[in-house]
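Participant: how does the following fold in three dimensions:
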Amino acid sequence: MNQLLFFAGLKEAAGTENVNMDLAGLTVEEVKKKVFEVYPSEQLQTSMVAVNEEFAGQEHKIEEGDTIAFLPPVSGG
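Facilitator: Okay, here's the model as predicted:
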């Protein structure tokens, strides 16, 4: 089982702060697609993803027990 965390505006987009899902074996890209099926928000599709508190690329493979955080894109100036 994996814990998903939603931060900032993504919490409102998903309607929850966290949820548990079985995502082991999927890539980050596949996780985003699966989460979009449950929480159809464009914000979630464009969000950054961290796995176990480290930013992860689209091909990163999720393992049992990983914590997956969805963070809104950040802009600087």
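Participant: can you pull out the strands in the protein?
Facilitator: Taking DSSP state E as the criterion, the chain carries its strands at 2-6, 18-21, 48-51, 54-55, 67-71.
Participant: what angle do the first one and strand 67-71 make?
Facilitator: Counting by axes from the mean of the first three to the mean of the last three C-alpha atoms, to 10 degrees, strand 2-6 points 20 degrees away from the direction of strand 67-71.
Participant: strands paired with strand 2-6, and their directions?
Facilitator: Here strand 2-6 is paired, per DSSP bridges, with strand 18-21 (antiparallel), strand 67-71 (parallel).
Participant: just name the most buried of those.
Facilitator: Most buried of the strands paired with strand 2-6, by mean neighbour count (mean count of other C-beta atoms under 10 Å): strand 67-71, with a mean of 20. To be clear about C-beta, it is placed using only N, CA and C from the backbone, and glycine gets the same treatment.
Participant: can you pull the buried residues of the lengthiest helix in the chain?
Facilitator: Identified as the longest helix of the chain according to DSSP state H is helix 28-38. Applying a neighbour-count criterion of 16 or more other C-beta atoms under 10 Å, the buried positions in helix 28-38 are 28, 31, 32, 35.
Participant: out of the strands of the chain, nearest to residue 61?
Facilitator: Of all the strands of the chain, strand 48-51 sits nearest to residue 61, with 9.3 Å by C-beta to C-beta.
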